[in-house]
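Undergrad: can you look at this prediction? I've put the sequence above it.
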Amino acid sequence: MGVLNVTPDSFSDGGRFIDPERALQHAREMVAAGASFIDVGGESTRPGAEPVSVEQELERVVPLVAAIRAELDVVVSVDTSTPEVMREAVAAGAGLINDVRALQRPGALAMAATLEVPVCLMHMLGEPGTMQVAPHYQDVIAEVSAFLLQRIECCEAAGIDRSRLLVDPGFGFGKTLEHNLQLLRGLDRFARLGVPLLVGMSRKSMVGAVLGRADPADRLYGSLAVAVMAAQAGAQILRVHDVKETHDALAMVDAVKKTRLVGED
Ligand SMILES: Cn1cnc2c(O)nc(N)nc21
């Protein structure tokens with residue numbers, strides 16, 4: 001899943017793709033590099049991000065979703081928590097709703113139920129403005145899993161079949177470095193939820209903190225390492241900035257997964 005932020009303040013590429021033509025060109029490049037999904041987001045969800053108006057989000061996201069769908073053979077996911085944006089993006093051709101707030105905004109659950117497309121439910125502790133203040137868990141894996149299970153059950157009760165759901169532990173969304181490392185180490189436990197797993201650690205501060213790299217552009221090799229670990233733990237979709245590099249890394253994971261040892265079925 002290639003990241004396409006059409007926001008002025010996203011942590012890793014803020015402002016680079018505000019111009020629709022540049023954004024479309026970046027989508028072309030990511031699809032050529034092997035992306036199966038393009039994640040279009042109009043509201044930065046980085047810690048401390050400024051909220052945007054619905055109109056602004058619609059203006060940024062909907063034309064781009066339409067332009068990508070008109071030209072490229074790729075699933076466009078819309079990174080939004082706003083029901084109106086979900087509706088208009090799906091109408092423009094988006095094939096996946098990626099909601100970092102797991103359909104908790106008013107009207108989001110009902111909207112997703114009417115839209116029929118798959119939904120990724122991600123865990124975030126509170127809101128971007130406060131989530132990194134002092135995140136605390138007794139057991140981050142147990143608590144994030146329990147939250148995601150509760151959101152799955154809410155979706156099912158609202159008529160969204162489990163077969164349309166994906167989950168995501170939300171690396172960096174209200175987690176300390178230790179929490180993020182624990183989530184990665186125990187990522188295979190999320191497979192128990194019985195729905196596909198999507199993760200995004202690309203260029204995030206968990207990589208920067210371990211490597212001592214303040215600049216997100218210096219976090220590629222660490223991002224590849226954690227992508228490989230996540231894929232080996234069962235993540236089916238990796239949300240990344242560096243599509244070509246990650247695609248190669250995951251091709252190696254897949255090749256090894258496919259081989260069989262003597263005596264293995
Ligand atoms: C929009 N966005 C930023 N980081 C993300 C992550 O880790 N997962 C998902 N699903 N979306 C994300």
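TA: That came through fine. Numbers count the residues shown, from 1 in each chain.
Undergrad: which residue packs closest to Val90, ignoring adjacent ones?
TA: Distances taken as CB to CB, 6 or more residues apart in numbering place Leu115 nearest to Val90, at 4.9 Å, with adjacent residues excluded. Just so you know, the C-beta spots here come from the backbone N, C-alpha and C atoms, and that holds for glycine as well.
Undergrad: what about Gln56, which helix or strand?
TA: Element membership for Gln56, per DSSP states H and E: helix 54-71.
Undergrad: now that helix: mean pLDDT?
TA: The average pLDDT within helix 54-71 is 96.
Undergrad: does any part of it sit near the ligand?
TA: No. Contact of helix 54-71 with the ligand (CB under 6 Å from any ligand atom) is absent, the minimum separation being 12.2 Å.
Undergrad: what pairs with the next helix or strand after that helix, parallel or antiparallel?
TA: Proceeding N to C from helix 54-71, the next assigned helix or strand is strand 75-79, under DSSP H and E. Applying DSSP bridges to the sheet, strand 75-79 is found paired with strand 37-41 (parallel), strand 96-99 (parallel).
Undergrad: would TSV of these with mean neighbour count be doable?
TA: Formatted as TSV, these follow (neighbours: other CB atoms under 10 Å):
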stretch	mean neighbour count
strand 37-41	25
strand 96-99	26
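Undergrad: okay, strands next: where are they in the protein?
TA: In the chain, the strands defined using DSSP state E lie at 2-5, 37-41, 75-79, 96-99, 119-122, 165-168, 198-199, 237-238.
Undergrad: and the ligand, is the last one touching that?
TA: I take that to be strand 237-238. No. Counting by CB under 6 Å from any ligand atom, the ligand is not contacted by strand 237-238; separation bottoms out at 8.4 Å.
Undergrad: that strand: partners in the sheet, and parallel or antiparallel?
TA: Strand pairing for strand 237-238, using DSSP bridges, gives strand 198-199 (parallel).
Undergrad: give me the contact list for the strand it pairs with.
TA: The contact list for strand 198-199 (CB atoms under 8 Å, 6 or more residues apart in numbering) reads 1, 98, 120, 122, 166-169, 171, 187, 230, 235-239.
Undergrad: what does stretch 137-156 give?
TA: Contacting residues not belonging to stretch 137-156 are listed as 102-104, 109, 112-113, 119, 121, 123, 162, 164-165, 167, 169-170, 175, 179, 182-183, 186, 189-190, 192-193, 195 [CB under 8 Å, 6+ apart].
Undergrad: which pLDDT value belongs to the residue of the stretch 51-200 of the chain found nearest the ligand?
TA: Nearest residue of the stretch 51-200 of the chain to the ligand: Gly200, at 2.6 Å (CB to the nearest ligand atom). pLDDT, the model's per-residue confidence, is 98 for Gly200.
Undergrad: ok, and the closest non-adjacent residue to it?
TA: With CB to CB, 6+ apart as the criterion, Gly200 has its nearest non-adjacent residue at 3.5 Å, and that residue is Arg239.
Undergrad: and the pLDDT at the one you found?
TA: For Arg239, the pLDDT comes out at 98.
Undergrad: ok, the closest residue to Asp254 other than its chain neighbours - how many residues close by?
TA: In space, and not counting its chain neighbours, Asp254 is closest to Ala231: 7.9 Å by CB to CB, 6+ apart. Residues lying near Ala231 (other CB atoms under 10 Å) number 21.
Undergrad: can you check Lys258 too?
TA: The tally of other residues near Lys258 (other CB under 10 Å) stands at 7.
Undergrad: correct me, but Phe171 touches Met201?
TA: Yes. If you go by CB atoms under 8 Å, Phe171 and Met201 touch, sitting 4.7 Å apart.
Undergrad: give me the common contacts of these two.
TA: 180, 184.
Undergrad: so for stretch 7-25, mean pLDDT?
TA: Mean pLDDT, computed over stretch 7-25, is 81.
Undergrad: distance of the residue of the stretch 51-200 of the chain closest to the ligand relative to Met86?
TA: Distance from Gly200 to Met86, counting by CB to CB, to the nearest Å: 19 Å.
Undergrad: neighbour count: these two, which is higher?
TA: The neighbour count for Gly200 versus Met86, taken as other CB under 10 Å, is higher for Gly200 (29 against 26).
Undergrad: right, I'll leave it there.
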